[in-house]
Structures are given as structure tokens and as C-alpha cells.
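Visitor: Using only what follows, build the 3D model:
(chains A and B)
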Number of protein chains: 2
Amino acid sequence: MAKEKKAPRPRAQTPKGFRDYFGTEVTERAHMLHTIAGVYHRYGFEALESSAVETVEALGKFLPDVDRPNEGVFAWEDDDDGWVALRYDLTAPLARVYAQHRNDLPTPYRRYAMGPVWRNEKPGPGRFRQFYQCDADTVGAPSVAADAEICAMLSDTLEEVGIPRGDYLVRVNNRKVLNGVLETMGLSDDAQQQAVLRTIDKFDKVGESGVRELLGKGRLDASGAYIDGVGLSDDQAAPVLAFLTSKGTDAAATLANLRAAIGGSAVGAEGVDELEEIATLLDAGGYGSSRIEIDPSVVRGLGYYTGPVFEAELTFEILDEKGRKRQFGSVSGGGRYDDLVKRFTGQSVPATGVSIGVDRLLAALRAKGRIGGTAQGPVVVTVMDKARMADYQAMVAELRNNGIRAEVYLGNPKNFGNQLKYADKRESPVAVIEGGDEKERGVVQIKDLILGAKLAQSASLEEWKERPSQYEVPRDQLVAKVREILSQWA
Amino acid sequence: MAKEKKAPRPRAQTPKGFRDYFGTEVTERAHMLHTIAGVYHRYGFEALESSAVETVEALGKFLPDVDRPNEGVFAWEDDDDGWVALRYDLTAPLARVYAQHRNDLPTPYRRYAMGPVWRNEKPGPGRFRQFYQCDADTVGAPSVAADAEICAMLSDTLEEVGIPRGDYLVRVNNRKVLNGVLETMGLSDDAQQQAVLRTIDKFDKVGESGVRELLGKGRLDASGAYIDGVGLSDDQAAPVLAFLTSKGTDAAATLANLRAAIGGSAVGAEGVDELEEIATLLDAGGYGSSRIEIDPSVVRGLGYYTGPVFEAELTFEILDEKGRKRQFGSVSGGGRYDDLVKRFTGQSVPATGVSIGVDRLLAALRAKGRIGGTAQGPVVVTVMDKARMADYQAMVAELRNNGIRAEVYLGNPKNFGNQLKYADKRESPVAVIEGGDEKERGVVQIKDLILGAKLAQSASLEEWKERPSQYEVPRDQLVAKVREILSQWA
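Guide: Below is the predicted model of the structure:
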């Protein structure tokens, strides 16, 4: 007879693709979001926080990077609302919010939003199913002055979070110019246009010669598989390649190259004019080509956006997981998408915006050693006599009231070594000790743990004697002495 | 023949029970969370951010206020992990995190967490299905010094977010004392014990006489329905009522009353000792009974927690929706729950903590007029000549580089009145105007919109003439003049 089994214990694990963030991982992100919000606010943008849950109907199919977006979301059926889902970005909720509240909102409406989004995708190394986005968008402004403003704001934001000028570049392109190129090629077949768009999207990966092959007969890829081409002749493909490689030594040269690539296309000319206006506006604001430049090789999102497209790239090198140098790459992208609100209201509403990948930006600052040092822990007041806990509580209260991070040891105080081990694990700079003897004499022992660790590592016996790391002070000088030690290590 | 219908437009609406937060609603909450995090940090607590999604298995059935918690969550089936759900509080995820990472975490582990939680409950006025919590917990510390610390921290937090001493009270009770009372009553029947617990939970609503009736034969409630009683005799019920009403004029009196109520119960005595120790520790830290007091009438959560229980109440009166005065009431609660981690590991781990209802606290500050004024909008640079957008962009860049919140008007500039209406809707303090004439003469017009609005409301013709609200200054004095105006209204 089988023995009856107890119910198994639950596994203590996050669902696949999710993770926990500890300590400075949380506070450094909070600090970055606070800084970014400050810049956005200075530009006149207003905060918006929508809920994590939206109706699937309202979310629509706007996920840019996925062919079948409904497969990329976490969705469930609700008794009241039918199918609902976790938001997969902050743009789709903005469209819903604007359509719902448009009579109460100013026009144009500048808003920023920051928070987690969720993607029901296969997780991978460094790819999680919940991550932060930080967006700013202007709804209701048809002028490319709105696009230029977003680019300037993106540039200011990067500098303010700690990426110095020269270490980043905001690059601007325009979907209309590409439309002009397609027009001048005489590609009226929609399927063929889509094939060309998909090919252009691979420019980052396969380069000029790769795109040339893919637009023509096809290409053997790195895995050995043969990828069929679009089937254009070299002549037909030429304008696309001219477009992608039209970046000149300055904006004027780039714009001249683009005008040549679009031939007589009206929409193409409109696109080039817009780029020219953006360059002029940015120059006037002091955002020269060392910060923001026209670059037709920016292809990310060209299939999604309807006008100007922007991308912010970090230009410094880091070492990848295999120790090879590589460019850090993109941390932000955006552009103009004039049809987003139309689904709800039937009216076209111009909109342009940008999304910053906060987690990538934090990774970049960590890679450069600008954040991510171990944070200083609290001063630990040790417990020498359990019955005198009130004395120790009074000490930490005194320290905290003077703005010093402090805690009393709350574990089992029997083994004093464990208390010091705990202080070590907490990265505590200072430990305070008051045994019965000290209490009687009205003094406390104050241990400089940082100096202590340094001495233990490297000091000679003489240095050790000359520089004691433990001090005895009268009880009423507790705060002053702790402060003095902390100021040395600040 | 029926006409073919187009697909209907999606409704632009949040799912039921969810809402959007705009502008200062978002920034005031962010500011409060930042302040609270500062206090928690000073007490040695470390930030933790777990994901919104947990396995249903890991979440367990810890929702304190609901009999069948699985009905209260948003859950769906995932291909990889089976049933997963949105977290309904921040305590259940903490138990999972601690069980998962306990070998890497210090013991005791002090952590704070803040963020939205989700409840699949019937929404009502002011009750939403997504709301913020802000928790601090100490895991692995059996001593009531940990509970006392949480109470002190709660008191400091309330003062730091803007509730002055005297406007709040942290009240402390202890489940063990109640256990002692039940023991001394000789209630060995578990069902009867549970019935008594449920009755005590109604003390806030029905008061002493109501509880007396409900412990005895029963009670006619306000709706006219008869509620069956537990069926205890008056003598049997007496210790419960003695417990609930044992608050004396000071802590010593209360503790003496409690000792009488528990008779000879050992667990009851342990509970009273703990309360006494908490009172002693708090006194030593400077947290007297004007801030934190022992109060056996605190019943919220007594059924859930295993030791000390705390609640923070705002003691001032506000007007309710019907204009009647009432106490604002509870904004925070917590206590000791020693069995939370055991489900995962089989080992009991002591834990104590508190949760602050951030949205209620914000509502309290709004009710007292301490936050929630309309925030100042940006300086608006108007567009008099679309072709000179670059000039206007240069102006806003100059203002922003000097730390002044500013934007250029990005709507259709044709109708100047619309631009001023926009500035009005944005609560702008200043509008800047530079037409062709001004440009030629090297000047700009600067309109003080706040003064203008005041004058329009109340000024006599003389005052109007004497105090113009529009100034003409040389272009290079733009920043200085705007700053001067803003400093008047700061």
C-alpha cells in the first residue's frame, strides 16, 4: 500500500525570465529615473502613470519588433472586461490615455512615463520578461520642431545621467526619405516594398555588401544557409544603397546626397526638407553634430515610424562577455508615428516620442565604472548585554537623528564574532561597542572597520601600532567621533 | 441584404477598477516614496524590487483580508511555469525571495520594497485594483527589539512625509496577549476560538456593547438583520472585553490591566512582557506615548499576525464626502508573522514588518492642504513667425540651460489667442513674445501671466495702469527678467 505523501513544499523561485533586484541595483535605477524625470520636466513634459493592465482591445497590435504581437503579451480573461493584458510598452497606453482624456488635456500634450513593461517572450541571457522603459512623447504637434525638441532632450538627458559629450551620439533619419527612394525606384508592388524594408532592417548586421546581395539574388549567411534575395537588378537596387550610405562629412553634404537619392519624389523631398529643418533647429539650440547628427544609416524602426526616426548610441567601447572590445551601442530609440490615436477616434493625431532603455543605460554606466561600487552599509551598534537593549536603541536613535545611517544588531548576540561578521557582510564602516566595563566608565569603543580591513590586509606591525583602528571616547562624544570617521571615507 | 460593417473601433478605456494618474498625482507620490525610502535607508534597511509576476505556488494563501485568496488575484496559465499571478502584496514575494536567496543575505535581513500590487476584487469608490504599497520588514530577528524598531521607524516616517507629531499615533497590541485571554477562558474548541477572533475583528465597528452581544446571544445589526452570537455566557465573555478595554492612562496602567485579563496563562504573560519591553525600548529612543502607545483595542490583523501588531492612525478630522467630520483613520499596519518562510524551507523564520498605504497617506496630506496645489507650468515661448522657429528654440534652450522650465509652443501658431489659451491651460507663469518688430529692435516682450490673471480679476483701472504685467526687455536680458518674475511667485 502506498504511503500517503505530504503536500510538497512550494519552490522558492521567480517564474522563468523574471528576476529580483537588490540594494544599489534598485536605488541606482530610482536615482536615474529621478534624474531623467527632472530633464523631461524642465522641457515642459508632464508625468503620466497608467496602470499595468489594459484591455487587449485597447493595446492593439503596436508592438514594433514582433510580427504577431498578441503572442508577445501576458493576457488573461477577466469577468468584467474580457481579455486584458500587461502592457508591453508605454506607447500603446499613451494612445489609449490620449483618446480617453483628450478633451481635458492640453494640445499639444507633452507627457513622460516610466515604469516596467512585460513581454511574453523567450528569455535569454540579460533578456528579461519584465524591464523598465522611460518614455517622453509629444501628441498633437505636427511640426518637426517637436521632433527636434525630443532629440535635444535626449541629448541633455544622456549628459545629465552621466554620459559625457563625445561618448554618445543621437542619430536622426526619416522614413519619408526612404519612401521617396522606394517611389523613385518605381516599386509599386506592396509585397516587394515590404521585402525591401525588411532587407534594410538588416543593414546593421550585414552591411552594404550584404544588403546589395539581399536586394539582388540572395546571400549565403554565416550559418551556411542561403537567404533568397528580393530579386532587384543592380540598377534598381542602387537608390536604396545610395540612401543608406549617403552620410557625408557634414549635414549639408548628407542632405545633398539624400536629394540625389530620392530623384523627383515629392514625399522624398518633404523628408529631406524635414531633416534639414531639424538640423537647423538643433544648431540654433546649441546641439551641433558632435551631439546630434543626420545619419541615413539608422534603420531601426524605419518600418514602424512614419516620419523622423532617432536613435541614441553610446560610442565608447566595452569588453563583451568574451573579453573582446565592442561598441556599447544603442540605448534609446524613437520617432514620429502619426496614426496611433486614429484607431480609437478615427482622427489622425500627430505624435512623436522617444523611449530610453534605462536598464541598458545603467549597464553602460556600470561598464564604465561610474556607478555600481558597493554602497556603504550602516553603522552597527553591537549588543554586549541583551538586558541593556534600551541603551543600544538610544544610541542608534541618536545617530539617526543626526542623519547617520545606523542599526542595532538584532540577531542572537551571544557570539560577538558573529556580530562583527554581520557588520562585515553589511559593508558597515563603523561598529560601536559598549560592554559592562565601558558602561561603568561612561565610554564607548568605536571601531573603524574600513581602516581595520585595510590594516589587516597590508599594514606592517609598526603601522598597525601607530594607527589604531579602534577608539575609546566618552559616551557623549559618540556621534562626533562616528561622524569624524565617516567623513574620512566619504 | 445587410451592409458589411467595418470592425468597430476599440474603446479608449482602462479596464474596470484601474485608473490613470496625471502630473502632480504622479510626482507627489514619487516624492513621498523617495522620502520614505530615505528614512528606511537610515534605519539600515536595503531596497528590494521583485517582479510583479510570481508563481501561484510561491504566492500561497497569505492575503490577510480575504478568506479565499486565490479568488483575489489576477492569475493566468503560463507555458513554462504553470499558473502565475500578479502579486497581491509585498510580503508574500519577500517570503519567496528570502527562501530563495537566504544563503546570500545577511541575517537579520532588513529590506524595504515599494511598488504597485494588484487585487482582483470588486472595485468601488476610491478602491482600485492596482495600488501602491510601501513595506519594511526584518527577517530573522526573533527579538521584539525588531518590532520596536519598526514602530520607531514608522513614527519617523510619518513625521518626515509631513504629518506633524500630535496628528498621528502608532498603536501597538500583541496577539499573544489575546491567545492568553482565550486560554484563560478555557476555549479549547478551535471553531469557537475562530468565532471569537472574528467577533473581536468587529470591535472597530460595533464597539464594546456590540462585541458583548456578539460574544453572547447575538445582535440586531444596523440593516435590521439578526447576527447570531458565539453563545458565551457573560462570565465567559468577560476576559475578552477586559482585554479590549484595558487601555489605562499610561503604559504601566495598561500593562497591569492586561496582566489581570490573562489570568495565569503563560503565553499571555509572554505577550504582556513583550509589550512592556517594546514600551521600554521606545521610551529609551525618545518615542514616548505621544507618538507610540500600547493599545489593546487595536484588532486589525490580530487574526493574521503571531506576536506584536501595530497600526498607525491619523488623529485629525477631515470632512467626508457628505461634509461630515470624521477621523482620517488608519494609514499603516503591520506586525510579527513568524511562519511565512516555513512553507518554503520547513524552518520557522521570525519576521516582522509594516506596510504603509501610500495612496491613503497622500489623500490625508491633500485633505489637509499640505500637497496638491496646482503645480507651476513651464514658461511658454510663443511662435509669432513660423519661419523663425530656430530663434524660439534658441530661447527655450537658453532658459532651460539656466534651470528654468520652458517650452516653445508647438501647436498651430496661426491664432495667437490659442497660444495664450494653451499657456493658461498649462498654468504657465510667463509667456515670451518676439514678433518681427521686436526682432528688428532686438527686444522681447515678457508677460507675467500670474500677475495678469490677478489684475484681470480684481484691479481697478488705476492699478492696471500702474502695474503693467507685460515688460519689454533687450533680448539678452530674457533670462534675467524671466527669473525675476518667477522669483516673485516662488
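
Visitor: Enumerate the residues of the stretch 51-200 of chain A near chain B.
Guide: Contacts of the stretch 51-200 of chain A with chain B, taken as C-beta under 8 Å from any C-beta of the partner chain, map to A:51-55, A:57-58, A:60, A:74-76, A:78, A:80-81, A:84, A:86, A:96-97, A:99-101, A:106-108, A:110, A:116, A:118, A:129-130, A:138, A:140-143, A:145-146, A:148-149, A:152, A:156. Bear in mind the C-beta positions are built from the backbone N, C-alpha and C, glycine included.

Visitor: do that again at 6 Å, thanks
Guide: A:51, A:53, A:55, A:57-58, A:76, A:80-81, A:84, A:96-97, A:99-100, A:106-108, A:130, A:141, A:143, A:145-146 (C-beta under 6 Å from any C-beta of the partner chain).

Visitor: okay, and for chain A, where does confidence drop off?
Guide: Across chain A, the ranges flagged by pLDDT under 70 are A:1-7, A:61-71, A:188, A:373-374, A:459, A:461, A:463-466.

Visitor: Sort out for me which of the residues of the stretch 51-200 of chain A next to chain B are in strands.
Guide: Judged by DSSP state E, strands contain the following of those: A:53, A:55, A:76, A:84, A:130.

Visitor: Next up, the contacts around the second one.
Guide: Residues touching A:Thr55, when contacts are defined by C-beta atoms under 6 Å, 6 or more residues apart in numbering or on different chains, comprise A:81, A:84, B:15.

Visitor: what are the bridge partners for it, then?
Guide: Beta bridges link A:Thr55 to A:Val84 when assigned by DSSP bridges.

Visitor: Where do the helices of the stretch 151-300 of chain A begin and end?
Guide: A:175-184, A:190-200, A:203-215, A:234-244, A:251-261, A:266-284 (DSSP state H, counting those that start in this stretch).

Visitor: Distance of the residue nearest the centre of chain A relative to A:Ala364?
Guide: In chain A, the C-alpha nearest the mean C-alpha coordinate belongs to A:Val358, at 1.3 Å (C-alpha atoms, centre = their mean). Distance of A:Val358 to A:Ala364, given as C-beta to C-beta, to the nearest Å: 11 Å.

Visitor: hmm, the one helix or strand A:Arg343 maps to in reach of chain B?
Guide: Per DSSP states H and E, A:Arg343 falls inside helix A:342-345. Yes: contact of helix A:342-345 with chain B (C-beta under 6 Å from any C-beta) involves A:Phe344.

Visitor: What residues sit buried inside that helix?
Guide: Applying a neighbour-count criterion of 16 or more other C-beta atoms under 10 Å in any protein chain shown, the buried positions in helix A:342-345 are A:343-344.

Visitor: just checking, what packs against it?
Guide: The helices and strands touching helix A:342-345, judged by 3 or more C-beta pairs under 6 Å, 6 or more residues apart in numbering or on different chains; DSSP states H and E, number zero.

Visitor: What parts of the stretch 251-400 of chain A come near chain B?
Guide: By the rule C-beta under 6 Å from any C-beta, the part of the stretch 251-400 of chain A lying against chain B is A:280-281, A:284-286, A:344, A:378, A:389-390, A:393-394, A:397, A:400.

Visitor: Among those residues, name the buried ones.
Guide: Burial by neighbour count, judged by 16+ other C-beta under 10 Å, picks out A:281, A:284-285, A:344, A:378, A:389-390, A:393-394, A:397, A:400 from these.

Visitor: now, among those, which is nearest to B:Ile450?
Guide: A:Gly285 (27.0 Å; C-beta to C-beta).

Visitor: returning to what we had before: farthest-apart pair in the ones in strands among the residues of the stretch 51-200 of chain A next to chain B, please.
Guide: Across those (C-beta to C-beta), the longest gap, 20.1 Å, separates A:Thr55 and A:Gln130.

Visitor: and among the helices of the stretch 151-300 of chain A, the most buried is which?
Guide: Greatest average neighbour count among the helices of the stretch 151-300 of chain A goes to helix A:175-184 (a mean of 24), per mean count of other C-beta atoms under 10 Å in any protein chain shown.

Visitor: How about residues contacting that one?
Guide: Against helix A:175-184 from outside (C-beta under 6 Å, 6+ apart): A:193, A:239, A:243, A:258, A:261-263, A:265, A:267-268, A:270-272, A:302, A:305-307.

Visitor: Stretch A:162-173 now?
Guide: The contact list for stretch A:162-173 (C-beta under 6 Å, 6+ apart) reads A:151, A:154-155, A:158, A:292, A:294-296, A:298, A:309-316, A:365, A:370.

Visitor: please redo it, this time with the cut-off set to 8 Å
Guide: Outside stretch A:162-173, the residues that touch it by C-beta atoms under 8 Å, 6 or more residues apart in numbering or on different chains are A:147, A:151, A:154-155, A:158-159, A:275, A:278, A:290-299, A:302, A:308-316, A:331, A:361, A:364-365, A:370-371.

Visitor: does any bit of the helix or strand encompassing A:Lys421 sit next to chain B?
Guide: According to DSSP H and E, A:Lys421 maps onto helix A:416-425. Yes: counting by C-beta under 8 Å from any C-beta, chain B is contacted by helix A:416-425 at A:422, A:425.

Visitor: Give me the sheet partners of the helix or strand just after that helix and which way each runs.
Guide: Next along the chain after helix A:416-425, taking DSSP H and E as the criterion, comes strand A:430-433. When pairing is defined by DSSP bridges, strand A:430-433 lines up against strand A:379-381 (parallel), strand A:443-448 (antiparallel).

Visitor: Need the winner for burial among the ones you listed.
Guide: strand A:379-381 comes out most buried of the strands paired with strand A:430-433 by mean count of other C-beta under 10 Å, with a mean of 27.

Visitor: I'd like the next helix or strand past that one.
Guide: Sequence-wise, the next helix or strand downstream of strand A:379-381 (DSSP H and E) is helix A:389-401.

Visitor: Wait, A:Ser297 touches A:Phe243, no?
Guide: No: the criterion here is C-beta atoms under 8 Å, and A:Ser297 misses it with A:Phe243 at 9.1 Å.

Visitor: Which residue lies closest in space to A:Ile278, excluding its sequence neighbours?
Guide: A:Ala148 (4.7 Å; C-beta to C-beta, 6 or more residues apart in numbering or on different chains).

Visitor: give me every residue that touches that neighbour.
Guide: A:277-278, A:281-282, A:285, B:393.

Visitor: Could you chop chain A up by domain?
Guide: Domains of chain A are assigned by automatic domain parsing as A:14-142+A:338-374, A:166-313, A:379-489.

Visitor: State the phi and psi torsions of the residue nearest to the centre of chain A.
Guide: Dihedral angles of A:Val358 (phi, psi; degrees, to the nearest 10) stand at phi -60, psi -40.

Visitor: For it, give me its contacts.
Guide: A:29, A:32-33, A:36, A:114, A:132-134.

Visitor: if you set the cut-off to 7 Å instead, what comes out?
Guide: Applying C-beta atoms under 7 Å, 6 or more residues apart in numbering or on different chains to A:Val358 gives the contacts A:29, A:32-33, A:132, A:134.

Visitor: ok, back up a step: now, which of the ones in strands among the residues of the stretch 51-200 of chain A next to chain B sits nearest chain B?
Guide: Within those, the smallest distance to chain B is 3.6 Å, found for A:Trp76 (C-beta to the nearest C-beta).

Visitor: Return the set of buried residues in stretch A:99-108.
Guide: Within stretch A:99-108, the residues scored as buried using 16+ other C-beta under 10 Å are A:99-100, A:102, A:105-108.

Visitor: Which members of these define the maximum pairwise distance?
Guide: Across those, the longest distance by C-beta to C-beta is 17.2 Å; it joins A:Gln100 and A:Pro108.

Visitor: that older thread, can you tell me which of the contacts of stretch A:162-173 are buried?
Guide: A:147, A:151, A:154-155, A:158, A:275, A:278, A:291-299, A:302, A:308-314, A:331, A:361, A:364-365, A:371.

Visitor: Return the subset of the contacts of A:Val358 lying in helices.
Guide: Using DSSP state H to define helices, the subset of those located there is A:29, A:32-33.
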